[in-house]
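Visitor: task: produce atomic coordinates for the following.
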Amino acid sequence: MSNISEDEWRDAMTKIFEKLEDDQYSKMKGLFNELGYDSPTKMMFERKLPEKLIQNFGIEKSIRLVNEAMNKIPRNDPGVQDLLRPFMDKLRRQEEGPETSSQPKTDPAGAEEPEQNQGASSGSAHSPQKMLRPDLRKTIRDLKASGDLGQKVLTVKVVQKSNLCQYQIKANETKFRFYLGVADETDSIKVVVYGRERFPAIEEGHFYTIRDPHMDRQEKVLKVTERTRISETGSLEVPRNVELEAENLFSVQFTASETSRALETRRQ
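Guide: A predicted model of the protein is given here:
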């Protein structure tokens with residue numbers, strides 16, 4: 001049974017929807033329509049849609065649907081994400097299960113209590129970040145050996161980030177991707193992130209958990225797609241020699257066409 005308050009989620013959802021512009025609402029409506037749910041008109045949706053989504057999908061699934069919609073619109077600004085993040089965090093805590101007595105003091109998500117005065121690693125309006133228990137993580141070294149994360153997560157530091165690049169999959173269809181050089185305490189790996197929605201949110205020097213990526217064992221590349229979940233997290237100790245490896249993962253990897261079409265995206 002969910003421990004998430006229906007009233008609190010309904011209120012938060014209403015505030016999120018109130019922040020959407022007309023074109024952003026249209027995108028969200030299209031996503032819900034694909035699921036067979038005919039969302040109300042713009043004039044009515046701020047008042048009726050939160051209640052209808054909870055009735056149709058339940059609390060937990062409606063949280064995931066709204067999170068997916070905000071990623072696709074995209075609305076990754078603090079005004080929306082600060083309302084949504086607490087509920088996504090509660091979902092993760094439920095998925096990860098209760099702590100065990102043999103672990104250090106943790107919250108229900110299995111996150112170790114941070115020390116006081118650590119400071120925020122994000123430099124933004126995020127709540128203090130916590131690190132997942134070691135038994136919930138898989139290291140880069142283990143991932144390379146097994147080729148799959150399973151039910152665990154990867155916790156990494158973004159050491160290097162490329163420009164946003166465009167590429168063609170068909171004659172008249174252009175898509176976007178960018179590259180990361182990431183590292184943890186054991187190893188480094190190259191990551192390719194498909195799509196441009198996540199580009200502004202992922203920053204060099206920050207730490208992230210990665211769930212449900214695709215590991216290309218032949219190319220030794222981790223691929224981040226729409227189904228992959230990425231969240232900022234607490235820091236970990238990364239040896240300098242491993243960081244240096246991550247810095248050189250894709251310095252010569254761009255093709256001439258990608259380099260010529262690289263798009264510099266500056267934060268507003």
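Visitor: how about the longest helix along the chain: buried residues?
Guide: The longest helix of the chain (DSSP state H) is helix 42-72. Buried residues in helix 42-72, defined by neighbour count with 16 or more other CB atoms under 10 Å: 45-46, 49-50, 52-54, 57, 59-60, 62-63, 65-67, 69-72. Yep, even glycine has a C-beta here, placed from its N, CA and C like the rest.
Visitor: and the residue nearest to residue 70 when sequence neighbours are not counted, what does it touch?
Guide: For residue 70, ignoring the flanking residues on the chain, the nearest one in space by CB to CB, 6 or more residues apart in numbering is residue 80 at 5.8 Å. Contacts for residue 80 (CB atoms under 8 Å, 6 or more residues apart in numbering) come out as 16, 19, 70.
Visitor: where does residue 80 sit: helix, strand or coil?
Guide: helix (DSSP: H, G, I helix; E, B strand; the rest coil).
Visitor: from residue 164, how far out is the closest residue to residue 225 other than its chain neighbours?
Guide: Here the nearest residue to residue 225 in space, its sequence neighbours aside, is residue 194; by CB to CB, 6+ apart that works out to 5.4 Å. Distance from residue 194 to residue 164, counting by CB to CB, to the nearest Å: 11 Å.
Visitor: shared neighbours, those two?
Guide: With CB under 8 Å, 6+ apart as the test, residue 194 and residue 164 both reach 176, 177.
Visitor: was I right about residue 12 contacting residue 82?
Guide: No. Contact status for residue 12 versus residue 82: not in contact, 9.7 Å apart, counting by CB atoms under 8 Å.
Visitor: separation between the residue most central in space within the chain and residue 168?
Guide: By CA atoms, centre = their mean, the mean C-alpha position of the chain lies nearest to residue 230, the distance being 2.3 Å. Applying CB to CB, the value for residue 230 to residue 168 is 25 Å.
Visitor: ok, back up a step: residues in contact with the residue nearest to residue 225?
Guide: 175, 176, 177, 223, 224, 225, 226.
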